[in-house]
Structure formats: structure tokens, C-alpha cells
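K.L.:
how would this look folded up:
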Amino acid sequence: MHQRLLKTGTTIAGVCGADFCVLGADTRATNDRLVADKACAKIHKLAANVYACGAGTSADLEHVTRQVYYTTLLQSRQDEAIGNAASVDGALASSSNILYDQGGSCQATLIVGGVYKSKAMLRAIHPHGSQDALAFTALGSGGMAAMGVLESSYRHDLTLEEAIELVTRAITAGIVNDLGSGSQVDLCIITAEGTDYRR
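P.N.:
Numbering: from 1, shown residues only. Take a look at the predicted model:
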């Protein structure tokens, strides 16, 4: 007897500028054809200056992001003594290592963004732990529609406000074109001055 795999739905996206990073996600959690939650938080805090959007199985995402959060928290406690903030590279390495150690059995795909020493970074991390360094990306079941918007409108000289508007349009495209994505758009704007979470 074969067990049918249940489809989940998500649209996540990110855009990186010289000194800012904008992450976005829809807020619908699904269990096959059922809407399980209309106000699900898919943007996870990894450090004060590093956040991740997650697509995949929510339990796997919670496990991975919590483990990275506490690993980064321990590291930043050590770094406080010398006046450093948590590094984006440290959170990226922890995320990749956790997924790599699972051998692909963990159904979690992440878009990680952050700002460290006024330099922004954006990475897509896949279930086997591999990373892509990108200026913009979109993943999840609504990722193709979102990527279409990003590819048609991205410029390397985007201002912060233009990037916010672009990510909002990309997530909205995913919501409109994917039945598993929906509800509203969450945004996380990361700059050297701090983080702004908008729902």
C-alpha cells in the first residue's frame, strides 16, 4: 500500500541590495487541499541581523531554524565580549550543516538574508545543504510566478523602497498563481540600523 505524499504550498522571495536585504513570504499553511492556518509566520529569526524564509514541512523548518537560532545565539554571546554582531556566514554555515547532516530527508528550503558590517547577503539553501549566492530569488510552490516578477523588474541599483515594492509584487504573484499560497504578505526588511517586520 502506497502512501500518497501531501502537497504543501508556499511562496517565499528575497532581494538583496548593497546594504539592505528584503525577505517576503505568504502566510497560508496548507495540508494537501486544506488550509491549516491563514496567518502562519514563515519568516524565522536566526539572529538580530539574520532572518530566513522557509518553504517545506513546517515541523522540519521549525526544527532547523530553532537549532540555527540557538547556535547563533551561543556564538554571539561569545562575540559580544569583542563587540561583534552575529555573522551572516555563521548562520549560513549552521543552516547548511544541519541540512547536509540530514542527507536530504529534512524537507526544508530556506532563503537566508542578513546584514553584517553594512554588507548585505542573500542565499538560497536547498534540502541537501547546498547554497546559492544570489541578488534575488524565489522558492516554494509559488516560486515560479514570483521569480517571473523578480526577473522582469530587478535592477542592481534598486533603492530600499523599490526592493520592498518588488518583493511585495513577487509574493502577490505567487499567491495569485498558486492555490497553496495565500492570505497576506509578510515582509522583513534588514538594514545596518535594524530590522523591520511588516505584516
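K.L.:
what residue ranges in this structure score low on pLDDT?
P.N.:
Across the chain, the ranges flagged by pLDDT under 70 are 1-8, 79-85.
K.L.:
for the longest helix seen in it, which positions count as buried?
P.N.:
Assignment by DSSP state H gives helix 58-80 as the longest helix of the chain. Using 16 or more other CB atoms under 10 Å as the test for burial, helix 58-80 gives 58, 60-61, 64-65, 68-69, 71-72, 75-76. (Glycine included, C-beta is placed from N, CA and C.)
K.L.:
mind listing the helices for the chain?
P.N.:
58-80, 88-102, 143-153, 160-177.
K.L.:
Of all those, which one comes closest to residue 38?
P.N.:
Of all the helices of the chain, helix 160-177 sits nearest to residue 38, with 11.9 Å by CB to CB.
K.L.:
who touches the closest one?
P.N.:
11-15, 17, 20, 22-26, 28, 138, 140-150, 153-155, 158, 181-183, 185, 187, 189, 191 (CB atoms under 8 Å, 6 or more residues apart in numbering).
K.L.:
I'd like to know how far residue 96 sits from residue 142.
P.N.:
The gap separating residue 96 from residue 142 is 24 Å, by CB to CB, to the nearest Å.
K.L.:
How many residues are close by residue 154?
P.N.:
Residue neighbour count, defined by other CB atoms under 10 Å, stands at 16 for residue 154.
K.L.:
try residue 141
P.N.:
In terms of burial, residue 141 registers 20 neighbours under the definition other CB under 10 Å.
K.L.:
does it really touch residue 178, like I thought?
P.N.:
Yes - using CB atoms under 8 Å, residue 141 is in contact with residue 178, at 5.1 Å.
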